[in-house]
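1. Kindly return the folded structure for what I paste below:
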Amino acid sequence: FCHYPECMSMLATQAADDGSEETQRVALKVLSRLAIFVDATASCHVHLLTALVGALAGNNAVLPVVAALKHQSSKPPNRTALATFPRLLDALGDASRALVGEGRTHALKTLFFV
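-> Residues are numbered from 1 along each chain as shown. Next up is the predicted model:
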C-alpha cells in the first residue's frame, strides 16, 4: 500500500485537511497502522514519512501523527531515517510547542529517541 506515493499523498491530505471528520479519522487510522508495520528497512518508508510530515500540517491531525512518529522512533532501525528526513525535526519541534499533555510528551519523546 505504501509503495504508491500518490496514495500516501492523498492520505496525508485527507488526514490533514479533509472537510469530513470521518474521512480524516479513517485516513489518520490508516497512517497510524502503517506506522506500526512499516520501518526503515522497507523501500516505501520514505513515502510513509512524507505522508506523516504532510499530515502534521493539519489542525486535527497533530496528536495522532505525533503518536505514530513516537512509535516509529521507538524502533532503533528507524531513528536515522527519522533524524535525516527533511522538515521532520522542525515539525516535531513545532508540535511540542503547540501541544499539551500526552501530545507534548509524545513529541518530546520522539525528539529524544531520534
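
2. next one: the longest helix belonging to the chain to chain centre, how far?
-> The residue-count maximum for a helix in the chain (DSSP state H) belongs to helix 21-37. Put simply, helix 21-37 sits 10 Å off its chain's centre (C-alpha atoms, centre = their mean, to the nearest Å).

3. What is it packed up against?
-> helix 5-17, helix 45-55, helix 62-73 (3 or more C-beta pairs under 8 Å, 6 or more residues apart in numbering; DSSP states H and E). Just so you know, the C-beta spots here come from the backbone N, C-alpha and C atoms, and that holds for glycine as well.

4. Pull out the buried residues from that helix.
-> By 16 or more other C-beta atoms under 10 Å, the buried positions in helix 21-37 come out as 24, 25, 27, 28, 30, 31, 32, 34, 35.

5. ok, now stretch 86-96?
-> Those would be 88, 91, 92, 95, 96, for stretch 86-96 by 16+ other C-beta under 10 Å.

6. what's the neighbour count on the nearest residue to the first one once chain neighbours are set aside?
-> Going back to what we said before, that points to residue 88. Closest residue to residue 88 apart from its sequence neighbours, by C-beta to C-beta, 6 or more residues apart in numbering: residue 53 at 5.5 Å. Residue 53 has 19 neighbours, counted by other C-beta atoms under 10 Å.

7. Check residue 104 too.
-> Neighbour tally, residue 104, other C-beta under 10 Å: 16.

8. Which of the helices or strands spans it?
-> helix 101-113 (DSSP states H and E).

9. The residue nearest the centre of the chain - nearest residue in space that isn't next to it in sequence?
-> By C-alpha atoms, centre = their mean, the chain has its centre lying nearest to residue 52, at 3.0 Å. Leaving aside its sequence neighbours, residue 52 sits nearest to residue 65 (C-beta to C-beta, 6+ apart; 5.4 Å).

10. picking up where we left off before, dump the buried residues of stretch 86-96 to CSV, plus secondary structure.
-> Shown next, in CSV, are the buried residues of stretch 86-96 (DSSP: H, G, I helix; E, B strand; the rest coil):
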residue, secondary structure
88, helix
91, helix
92, helix
95, helix
96, helix
